[in-house]
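> my questions are about this predicted structure, shown below with the sequence.
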Amino acid sequence: MKFGDTNFIGVANTEEYKSFVSEDWHVDDLLFKHIAKEMRNGHILFFQMTAEGIEHSWNVEVLIDSEEENIEQSCFRKASGFITVTYEQLFLVDYDCITMAAQFENHKVPDRNCSQYRIEIPNGDYQVEVFQYYNVDDDEYTGTNQKDILMHFRKADQFQDIADKTFWYTY
């Protein structure tokens, strides 16, 4: 992912994600509570990528129902959540995209920048394992330096509400 504010990135079902929050939202009391609700509904998975506010052009690899059942690989950190796919697509999104749509009803997710990060994927519920290899705050890789992030989507028998807040959120 390039451009935009990449301190936070995510993957979203943009047809189901309810983007507008308020013209006067605040990060903790409205925006992240809203995102947490949308995560519980299976519409988005959202991640804080840096504690230092460092923007980075993330190299994201996506695997869908790959032959690799469990990816056992050293990484900086890992998270797992569930997302529901409708319309056979998801989009990678960044903080700019999410916050502009949260504040202005006429802005949509994905925005022009994030619309280029479309993931074609069959409809259904998916467990998503996210591996972050690059620690942008310390400028170091763990496990591999061939990619910064791996998102592994595996078809799930049913959606599980296990994500209740932005992953790796430290504020």
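Great, that's in hand.
> sec struct for the residue lying farthest from the centre of the chain, please.
Distance from the C-alpha centroid of the chain, by CA atoms, centre = their mean, peaks at residue 24 (23.6 Å). Counting by DSSP: H, G, I helix; E, B strand; the rest coil, the backbone at residue 24 sits in coil.
> ok, it - contacts?
Residue 24 makes no contacts at all, as judged by CB atoms under 8 Å, 6 or more residues apart in numbering. Heads up, the C-betas are built off the backbone N, CA and C, glycines and all.
> mind doing that once more with 10 Å?
Contact analysis of residue 24 by CB atoms under 10 Å, 6 or more residues apart in numbering lists 30, 103.
> state the distance from it to residue 149.
Residue 24 is 32 Å from residue 149, where distance means CB to CB, to the nearest Å.
> cool, and residue 87?
According to CB to CB, residue 87 and residue 149 sit 23 Å apart.
> with neighbour numbers in mind, choose between those two.
A direct count of neighbours by other CB atoms under 10 Å for residue 87 and residue 149 places residue 149 higher, at 21 against 11.
> those helices in the protein, which residues are they?
Under the criterion DSSP state H, the chain contains helices at 32-40, 95-103.
> rounded mean pLDDT for the last one, please.
When pLDDT is averaged along helix 95-103, the result is 91.
> can you give me the buried ones in that helix?
Along helix 95-103, these residues count as buried under the neighbour rule (16 or more other CB atoms under 10 Å): 95-103.
> quick one: list the elements packing against it.
Helices and strands touching helix 95-103, as assessed by 3 or more CB pairs under 10 Å, 6 or more residues apart in numbering; DSSP states H and E, comprise strand 8-12, helix 32-40, strand 44-48.
> can you tell me which of those comes nearest to residue 162?
helix 32-40 (9.0 Å; CB to CB).
> the closest one: which residues count as buried?
32, 34-36, 38-40.
> same thing with stretch 157-171?
Here stretch 157-171 shows 159, 163, 166-169 as buried, counting by 16+ other CB under 10 Å.
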